[in-house]
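Student: For reference, the sequence and a predicted model appear below.
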Number of protein chains: 2
Amino acid sequence: MMRKRPRIVIVGGGFGGIACARQLGGADADVLLLDRRNHSLFTPLLYQVATAALSPSDIAEPIRKALGRWKNIRVQMAEVTGVDSAAREVTVKDGAPISYDYLVLATGSDYDYFGHDDWRTHAPGLKTVNEARVIRQRLLLSYEQAEATDDPDLRRALLTHVVVGGGPTGVEMAGAMVELGRHMIPRDFRNIRPADLRVMLIEAGPRLLSAFPEELSDYARDYLVRHGVEVVTNTPVEAMTDSSVTMGGETIQVGSVVWGAGVRGSPAAQWLGVQTHRGNRMPVARDMTVEGYPGIYALGDTAAMPADDGKPLPALAQVAKQQGEHLGRALRALIERGEPVPAFTFRNRGNTAVVGRNAAVFDFGKRRMKGRLAWYLWALVHVYLLINAEKRVLVTIQWVWRYLTRQRGARLIDETPPQVPAATSPGVAPKPEVH
Amino acid sequence: MMRKRPRIVIVGGGFGGIACARQLGGADADVLLLDRRNHSLFTPLLYQVATAALSPSDIAEPIRKALGRWKNIRVQMAEVTGVDSAAREVTVKDGAPISYDYLVLATGSDYDYFGHDDWRTHAPGLKTVNEARVIRQRLLLSYEQAEATDDPDLRRALLTHVVVGGGPTGVEMAGAMVELGRHMIPRDFRNIRPADLRVMLIEAGPRLLSAFPEELSDYARDYLVRHGVEVVTNTPVEAMTDSSVTMGGETIQVGSVVWGAGVRGSPAAQWLGVQTHRGNRMPVARDMTVEGYPGIYALGDTAAMPADDGKPLPALAQVAKQQGEHLGRALRALIERGEPVPAFTFRNRGNTAVVGRNAAVFDFGKRRMKGRLAWYLWALVHVYLLINAEKRVLVTIQWVWRYLTRQRGARLIDETPPQVPAATSPGVAPKPEVH
């Protein structure tokens, strides 16, 4: 009698989900990948879309295309709304429940507004193409409006841009925003001056890049300040609107706000009813299983897996990707040869952030790097990790062009302005956090 | 006593307006270019954005960037609402009136829905980035929905795409749509077959490409039919919704509709109260002046200038560009040396349309070309005419990539679907047409 081919459902087409599916290509299983979007996004370069340096499609790949060559893999655009672990079914919006034998939750994370979800529309984060488009739109429009107005107070407000959160995303955005303005204004505008531009980077904690060694934090801060970014630490944001930010009791009028402060795991834990760690991350064992839910695995930003030191692994693309590859290979061995899923070990390839032109930082654990050489390495690594050879060539050309001319090629203001949806996961009330 | 520098206001940053402004760069005049958008668009390639082959920024250039190097030129994003020729002022939405000494109306054209303006949201045309995004979104989503459904009627409807209008835009769209589907379905989809795909090209007149010699029309038709396009001539569309088209008394369910049937001039003639020619084009003399309005010039699609045979010059990018260059040079000579504006003569560089892979047509008047060589020439000419060297390289790489792999790089479905605004020029009631 022939054994029924097991069905593996992967939820999420980010770094982890795609890596897992790729390892299962051609395996003796039916694989179904579900994502509410049709594309997988190379999010580390999304800040370059937001600052008009790259186009969305330069860093986005249709999930179908990424997995099209393997006939045992199907892809479906669907918004998952829950998991019925007793029935072994995933429930989706606008569709019949989908049954699974093995379920991989690779649903990633979203920005955490720390209880102020209404700030999301004022200060988009950098997780989706749409958010990057909204930020680009607001940035570029504020320059147009500042150029058109005769009111000096309004002009100053429009040219004040605030980035909230001093992590890699915030540092990268602030650096790119000041670079965009300083080179675009003198050439292309007549009524505004580079000195009118004000880019502020607000961090609630004591230093930028808190996940990096202090030496690299200091370097990033010095570089940004030297290039005209106002870095404000130890100062949480208290309130905001589309055109104002309040912090330290003071309210300033602004042209745009960008959010880069902390992430929280997707609601996948709430689908299962599992208590979460800090940042709404679901606790998993070293083999990525969720305790009490046989056949269900979680990985990437939405999972909290203990590292050797007992602390959870960081929410990084490289962690998700390695976990996805590990689990994909392991599930294949489990299905085809009955081998149990081995424990995962993270190999740190280096944590990095780009600070500006010719300036990046790398932390390899024992060794670290900063400055021009780190920047070249950053560029090389990111081009190498990009989707395919076409995107690599396209991005390289645009980077070289920008490096030589300081011109940005994607300064497009949409005729119908993109909008931030009010909330990405309405109706999901997270369970209280443990840990 | 120093003469006051004259002020030239150019309305419209398309082919004509940009060419005119460029010739006035560094002239002894203050030039102001107004456009409601921040970018100039290379519209001949917009169908490639709509069919996921190129990104919007590959074919869009910020107007500021195009003209930034000349300090006597200012650019302002503004929607012009009228002209007060007595006061020599242009009125704009949300701003004070703008005075001029010379006014250049280069406001282009929009698709003509022949009295059915409500069709605009069902069947977007190909004039703006937003419309191209809407078409791309609907095309790609219809494939996703067809893949997901179990209902064979719904699947067939979703995979039926209708292009209305057999001019160059319609022919290019139909060819590109069938190419997109035939190569994307077998590789990346599992539940739908290339044979399920139906692309229809509907033309009210007796033949496709009616502005071309019949030999080239026949070639285009044969090519499209051979590659699976259903070409329907002598059949006007009678009704439509977002998901259906009625023609010849029959209603078919469709996945998307694209409009490419006839253009009409912008409302610039109505700003002046001038009676228009067919297609709402404003009659102008050979020196581009509008009779009865000294100091006002009109060019490009919005103007109807008599050619040597008495018929108006066609609404083509090359006409607008040559007219803009001519007028810019002439205004400079007028202002700097008091020379009158000479009559314009159009030099036909060849009318062209691309039909599919390795297939294009060229009409040079006396000579004509079709097939693979015409296609290479088409590609060369369009790359050469593109915005700048960076865009030329980027587009070339994407074309070569697509040619080799048949893969399209910009298959992005937006998270927040783009919308077609109901009407682009609300509140303007065109005067009755003459001619």
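Tutor: Structure received.
Student: residue contacts, the closest residue to chain B within the stretch 251-400 of chain A?
Tutor: As assessed by CB to the nearest CB, chain B sits closest to residue A:390 within the stretch 251-400 of chain A, at 4.6 Å. Placement of C-beta: from N, CA and C, glycine included. By CB atoms under 8 Å, 6 or more residues apart in numbering or on different chains, the residues touching residue A:390 are B:397-398, B:401, B:407, B:409.
Student: How is chain A partitioned into domains?
Tutor: Chain A breaks down into these domains under automatic domain parsing: A:7-112+A:263-337, A:119-261.
Student: related to what we said a few turns ago, so which of the contacts of residue A:390 comes closest to residue B:311?
Tutor: Distance to residue B:311, by CB to CB, is smallest for residue B:398 among these, at 38.3 Å.
Student: Please verify my assumption that that closest one contacts residue B:409.
Tutor: Yes. Shown here, residue B:398 and residue B:409 form a contact pair, counting by CB atoms under 8 Å, at 5.9 Å.
Student: Any regions of chain A where pLDDT drops low?
Tutor: For chain A, the stretches flagged by pLDDT under 70 are A:1-3, A:422-435.
Student: ok, back up a step: figure out which of the domains of chain A is closest to residue A:363.
Tutor: Residue A:363 sits nearest to domain A:119-261 of all the domains of chain A, at 5.0 Å, using CB to CB.
Student: Let me have the domains of chain A in CSV, extended by mean neighbour count and distance to residue B:37.
Tutor: Putting the domains of chain A into CSV (neighbours: other CB atoms under 10 Å in any protein chain shown; distance: least, CB to CB, whole Å) gives the following:
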stretch, mean neighbour count, distance to residue B:37
domain A:7-112+A:263-337, 21, 15
domain A:119-261, 20, 11
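Student: now the ones you listed in TSV, with distance to residue B:159?
Tutor: Shown next, in TSV, are the domains of chain A (distance: least, CB to CB, whole Å):
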stretch	distance to residue B:159
domain A:7-112+A:263-337	16
domain A:119-261	26
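Student: Can I get the ones you listed in CSV including distance to chain B?
Tutor: Formatted as CSV, the domains of chain A follow (distance: least, CB to the nearest CB, whole Å):
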stretch, distance to chain B
domain A:7-112+A:263-337, 4
domain A:119-261, 4
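Student: what ranges do the helices span in chain A?
Tutor: For chain A, the helices defined by DSSP state H occupy A:15-23, A:46-50, A:63-67, A:119-122, A:129-148, A:152-158, A:168-188, A:214-226, A:268-272, A:317-337, A:372-385, A:389-405.
Student: What is the shortest one packed up against?
Tutor: It refers to helix A:119-122. strand A:237-241, strand A:256-259 (3 or more CB pairs under 8 Å, 6 or more residues apart in numbering or on different chains; DSSP states H and E).
Student: what lines up beside the first one in the sheet?
Tutor: The one in question is strand A:237-241. Strand A:237-241 has its sheet partners listed here by DSSP bridges as strand A:244-247 (antiparallel).
Student: got the CA positions of the partner strand in PDB?
Tutor: Taking C-alpha atoms only, strand A:244-247 is exported to PDB below (Å, rounded to 0.1, in the frame of the first residue of the first chain):
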ATOM      1  CA  SER A 244       4.000  66.900  15.000                       C
ATOM      2  CA  VAL A 245       6.000  65.000  17.600                       C
ATOM      3  CA  THR A 246       6.100  65.500  21.300                       C
ATOM      4  CA  MET A 247       9.100  64.500  23.400                       C
END
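Student: residues making contact with it?
Tutor: Contact with strand A:244-247 is made by A:162, A:164, A:202, A:232, A:235-240, A:251-254, A:257, as judged by CB under 8 Å, 6+ apart.
Student: Please state the offset of that strand from the chain centre?
Tutor: 24 Å (CA atoms, centre = their mean, to the nearest Å).
Student: Stretch A:40-47 now?
Tutor: Centre-to-centre, stretch A:40-47 and its host chain are 6 Å apart (CA atoms, centre = their mean).
Student: Contacts for it next, please.
Tutor: Against stretch A:40-47 from outside (CB under 8 Å, 6+ apart): A:13-15, A:17-18, A:54, A:58-63, A:66, A:126-129, A:131-132, A:169, A:172-173, A:176, A:317, A:382, A:385-387, A:395.
Student: What of stretch A:374-381?
Tutor: Here stretch A:374-381 makes contact (CB under 8 Å, 6+ apart) with A:352, A:354, A:357-362, A:369, A:399.
Student: gap between the residue of the stretch 251-400 of chain A closest to chain B and residue B:409?
Tutor: 6 Å (CB to CB, to the nearest Å).
Student: Now list whatever residues contact both of these two.
Tutor: By CB under 8 Å, 6+ apart, residue A:390 and residue B:409 have these common neighbours: B:398, B:401.
Student: hang on, the earlier thing: residue B:398 and residue B:409: which is more packed in?
Tutor: Legend: neighbour count by other CB atoms under 10 Å in any protein chain shown for residue B:398 and residue B:409, higher for residue B:409 (26 against 22).
Student: Pop out the phi and psi values for that one.
Tutor: Phi and psi for residue B:409, reported as degrees, to the nearest 10, are phi -90, psi -10.
Student: so it touches residue B:402, yeah?
Tutor: Yes. Here residue B:409 reaches residue B:402: they are 7.4 Å apart, a contact under CB under 8 Å.
Student: Quickly list what's touching both of those two.
Tutor: By CB under 8 Å, 6+ apart, residue B:409 and residue B:402 have these common neighbours: residue B:53.
Student: that older thread, report the entries of the contacts of stretch A:374-381 that also contact chain B.
Tutor: With the criterion set as CB under 8 Å from any CB of the partner chain, no member of the contacts of stretch A:374-381 is near chain B.
Student: Just the buried subset of those, please.
Tutor: With burial judged by 16 or more other CB atoms under 10 Å in any protein chain shown, the buried subset of these is A:352, A:354, A:357, A:359-362, A:369, A:399.
Student: how about CSV for these, with distance to residue A:114 added?
Tutor: Converted to CSV, the buried ones among the contacts of stretch A:374-381 look like this (distance: CB to CB, whole Å):
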residue, distance to residue A:114
A:352, 26
A:354, 26
A:357, 32
A:359, 30
A:360, 28
A:361, 26
A:362, 29
A:369, 32
A:399, 35
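Student: Can you flag which of those residues belong to strands?
Tutor: Among the buried ones among the contacts of stretch A:374-381, DSSP state E puts A:352, A:354, A:359-362, A:369 in strands.
Student: what sits against the nearest residue to residue A:364 once chain neighbours are set aside?
Tutor: Counting by CB to CB, 6 or more residues apart in numbering or on different chains, residue A:350 is the residue found nearest to residue A:364 once chain neighbours are left out, at 4.5 Å. By CB under 8 Å, 6+ apart, the residues touching residue A:350 are A:362-365.
Student: Residue A:350 and residue A:95, how far apart?
Tutor: Residue A:350 sits 41 Å away from residue A:95, going by CB to CB.
Student: ditto for residue A:326
Tutor: Distance, residue A:326 to residue A:95, by CB to CB: 30 Å.
Student: Give me the spatial nearest neighbour of residue A:76, chain neighbours excluded.
Tutor: Of all residues not flanking residue A:76 in the chain, residue A:34 sits nearest, at 5.5 Å (CB to CB, 6+ apart).
Student: ditto for residue A:30
Tutor: Counting by CB to CB, 6+ apart, the nearest residue to residue A:30 once its immediate chain neighbours are dropped is residue A:7, at 4.8 Å.
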